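Chemist: Sharing a model that was predicted from the sequence below.
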Amino acid sequence: MSAAANRRQTILNLLRTAQAPVAASKLAERLGVSRQIIVGDIALLRASGEAISATPRGYVLASGADPDGAVLRTVACTHSADEMGRELTAIVDAGGEVLDVIVEHPVYGQLTGQLRLSNRRDVDSFLHRVAGAGPLSSLTGGIHLHTLRAPDESTMAAVIKSLRVGGFLLSEE
């Protein structure tokens with residue numbers, strides 16, 4: 001096996017055992033290569049069928065079923081860009097995790113941004129990074145989906161209630 005193939009196998013092993021997203025710079029440092037080499041390796045791994053997602057905090061290897069038996073739910077939301085922090089904080093304060101944001105673009109179709117936000121520090125960090133770029137929901141007039149994760153049904157119910165009270169859920173009317 002070539003050195004590059006060994007490196008890609010090591011990346012996969014690191015992602016499989018990681019408890020949190022792993023930044024490309026950390027992988028590069030650990031493997032003694034440039035960040036750009038890691039980005040290329042990730043692209044090749046994805047092309048070979050590996051389910052690697054890029055989040056704002058680093059790479060994660062997607063798994064099939066949730067090993068903890070957590071509850072997953074997709075919700076439709078709407079709000080202005082100024083209200084994004086309130087929405088995300090409402091979710092994490094109620095005990096939920098925001099896995100992603102999804103918008104339906106008229107030209108490109110479904111666009112998904114991996115978020116993996118589970119506490120206020122994650123939310124604050126994300127808001128700082130998105131400040132210059134703007135949220136994906138700005139492409140759709142504020143309408144978007146979130147995939148949410150909670151440890152159990154009662155926590156998910158609290159998250160949904162928090163979104164409803166905040167006026168963030170898209171009305172079916």
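Modeler: Great, that's in hand.

Chemist: mind listing what's buried in the lowest-mean-pLDDT helix or strand in the chain?
Modeler: The weakest-scoring helix or strand in the chain, judged by mean pLDDT, DSSP states H and E, is strand 52-55 (a mean of 78). Judged by neighbour count using 16 or more other CB atoms under 10 Å, the buried positions of strand 52-55 are 52, 53, 55. For every residue, glycine as well, the C-beta is placed using N, CA and C.

Chemist: Okay, and the closest residue to the second one other than its chain neighbours sits in which element?
Modeler: In this structure, residue 53 finds its nearest non-sequential neighbour in residue 114, 4.6 Å apart by CB to CB, 6 or more residues apart in numbering. When secondary structure is defined using DSSP states H and E, the element that contains residue 114 is strand 109-117.

Chemist: Output the helix or strand following that strand as PDB, nothing but the C-alphas.
Modeler: Downstream of strand 109-117, the next assigned helix or strand under DSSP H and E is helix 120-130. Extracted C-alpha coordinates of helix 120-130, given in PDB (Å, rounded to 0.1, in the frame of the first residue of the first chain):
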ATOM      1  CA  ARG A 120     -24.000  27.900  23.500                       C
ATOM      2  CA  ARG A 121     -20.200  27.900  22.800                       C
ATOM      3  CA  ASP A 122     -20.800  26.100  19.600                       C
ATOM      4  CA  VAL A 123     -23.600  28.500  18.600                       C
ATOM      5  CA  ASP A 124     -21.400  31.600  19.400                       C
ATOM      6  CA  SER A 125     -18.500  30.200  17.400                       C
ATOM      7  CA  PHE A 126     -20.800  29.400  14.500                       C
ATOM      8  CA  LEU A 127     -22.400  32.900  14.600                       C
ATOM      9  CA  HIS A 128     -18.900  34.500  14.600                       C
ATOM     10  CA  ARG A 129     -17.900  32.500  11.500                       C
ATOM     11  CA  VAL A 130     -21.100  33.100   9.600                       C
END
